[in-house]
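Chemist: predicted structure and sequence below. I'll ask about it afterward.
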Amino acid sequence: MTVPAINIEGLTKFYGDVRGIEELDLTVPEGELFGFLGPNGAGKSTTIRLLLGFLTPTAGTASILGVPIDDRDAFLGVRDQIGHIPGDPQFYDDVTGRKTLDYLASLSGDERRDELLERFPVPLDRPVRGYSRGNRQKLAIVQAFMHEPRLVVMDEPTSGLDPLVQQEFYDFLREERDRGVSVFFSTHILSEVRQVCDQVGIIRNGRLVAVEHIDDLLERSGKVVTLQSPDAIDLADFDFDETIDARLEPDGSLRLVISGNYDGLVDALEAYRIDDLEVRETAIEDVFMHFYDADEDESEEAGETDLPEEVADA
Ligand SMILES: Nc1ncnc2c1ncn2[C@@H]1O[C@H](COP(=O)(O)OP(=O)(O)OP(=O)(O)O)[C@@H](O)[C@H]1O
């Protein structure tokens, strides 16, 4: 039986009275690209810091590559099989990038350093103090992957990267996953989840709201059909088994959300002349909003407002 890359059971962390996370249960299989999505303050960094032993849980437990996080000796034994990109990567500012990597290599190895630096180049002979935000992030990527880890845990790893480097990083992550590396990464960017992840766990106010395969999530959410016709559209004609939602837009066009096959739609269309017909996937934003809406009452109790713009608009 294979061991999950990460297994979390009832994991809880309170900072005094402030809830970091509560009763979190989650399993990430080996070899998967797992996205951990939530707005600011949801508990993503807390979860990651608990997993890596930087914080002690208030309750519950977790294991990483089969090793319980509170078994310090065993954890040190798998430490060099794990890579980590923290939310705010810190290095010794007076030291050059090259020396930084030399030092980290002496701890865990650097079999892939050159290959990674070719892909994510940084000014190696400059002290890290002079690095831009993006270069600092690229150095963090190189150090996290250069020792051939089995699992990489990353806290918002694309912040500070320009769009081209972000795309390169997404390609790289997919290649790593195909080589069998497990990747757990937190993000508040929806489009990133869609592009990269196999599964996503959605966290809000310290609680896990859902865990879904991206394909299932989109499949279940249906397709959006937009129809323009010179004929008056009767909504009743489009109320077939596959219809999730049907409405007339102010300009008289029909907006239909359907899941499953198109048989009902094709039959209904026979009665109409068609000026324009478009079928597209449901926007991932619409799909995710429903998870957040469901938790609205609790969010108000916790004094939180609506989703931040990054999550709502990404
Ligand atoms: N050291 C701390 N002391 C007190 N409260 C904390 C501490 N660290 C985090 N919290 C609180 O715990 C909750 C979860 O924070 P956390 O940083 O884990 O969220 P996050 O999802 O990583 O957010 P972000 O996307 O903004 O980094 C928040 O309410 C936060 O204010």
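Modeler: Ah, there it is. In this text the structure is predicted, and so the values were computed from the model without any measurement.
Chemist: can we go C-alpha only for contacts and neighbour counts from here?
Modeler: Will do.
Chemist: from what I can see Leu139 touches Gly97, true?
Modeler: Yes - in this structure, Leu139 is within contact of Gly97 by C-alpha atoms under 8 Å, at 7.3 Å.
Chemist: what sits against Asp80?
Modeler: By C-alpha atoms under 8 Å, 6 or more residues apart in numbering, Asp80 lies in contact with Ser108, His147, Pro149.
Chemist: name the residues contacting each of Leu139 and Gly97.
Modeler: Counting by C-alpha under 8 Å, 6+ apart, the shared contacts of Leu139 and Gly97 are Val122.
Chemist: run through the bridge partners of Val18.
Modeler: In this entry, Val18 is beta-bridged to Tyr15, by DSSP bridges.
Chemist: pLDDT value on it, please?
Modeler: Listed pLDDT for Val18 reads 95.
Chemist: can you check the one 4 residues further on too?
Modeler: Model confidence at Glu22, given as pLDDT, is 96.
Chemist: re the thing from before, now render the contacts of Asp80 as JSON lines, adding neighbour count and pLDDT.
Modeler: Shown next, in JSON lines, are the contacts of Asp80 (neighbours: other C-alpha atoms under 10 Å; pLDDT from 0 to 100):
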{"residue": "Ser108", "neighbour count": "18", "pLDDT": "89"}
{"residue": "His147", "neighbour count": "21", "pLDDT": "96"}
{"residue": "Pro149", "neighbour count": "20", "pLDDT": "96"}
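Chemist: closest to Tyr170 out of those?
Modeler: Set against Tyr170, the nearest of the contacts of Asp80 by C-alpha to C-alpha is Pro149 (17.4 Å).
Chemist: look up how far Asp17 lies from the closest one.
Modeler: To Asp17, Pro149 is 36 Å away according to C-alpha to C-alpha, to the nearest Å.
Chemist: and if you look at Ala140?
Modeler: Per C-alpha to C-alpha, Ala140 is found 33 Å from Asp17.
Chemist: who's more crowded, the two?
Modeler: Ala140 (22 against 6; other C-alpha atoms under 10 Å).
Chemist: so which elements touch whatever helix or strand that one lives in?
Modeler: Assigned by DSSP states H and E, Ala140 belongs to helix 133-145. Secondary-structure packing of helix 133-145 (3 or more C-alpha pairs under 8 Å, 6 or more residues apart in numbering; DSSP states H and E): strand 82-85, helix 97-108, helix 113-119.
Chemist: what packs against the longest one?
Modeler: Applying 3+ C-alpha pairs under 8 Å, 6+ apart, one finds that helix 97-108 contacts helix 133-145.
Chemist: near the ligand at all, the next helix or strand after the helix it packs on?
Modeler: Toward the C-terminus, helix 133-145 is succeeded by strand 151-155 as the next helix or strand (DSSP H and E). No - judged by C-alpha under 6 Å from any ligand atom, strand 151-155 stays clear of the ligand, getting no closer than 7.7 Å.
Chemist: what do you get for stretch 177-192?
Modeler: No - Stretch 177-192 is not in contact with the ligand by C-alpha under 6 Å from any ligand atom; minimum separation 6.6 Å.
Chemist: tell me the buried residues in that stretch?
Modeler: Residues of stretch 177-192 classed as buried by neighbour count (16 or more other C-alpha atoms under 10 Å): Arg177, Val181, Ser182, Val183, Phe184, Phe185, Ser186, Thr187, His188, Ile189, Leu190, Glu192.
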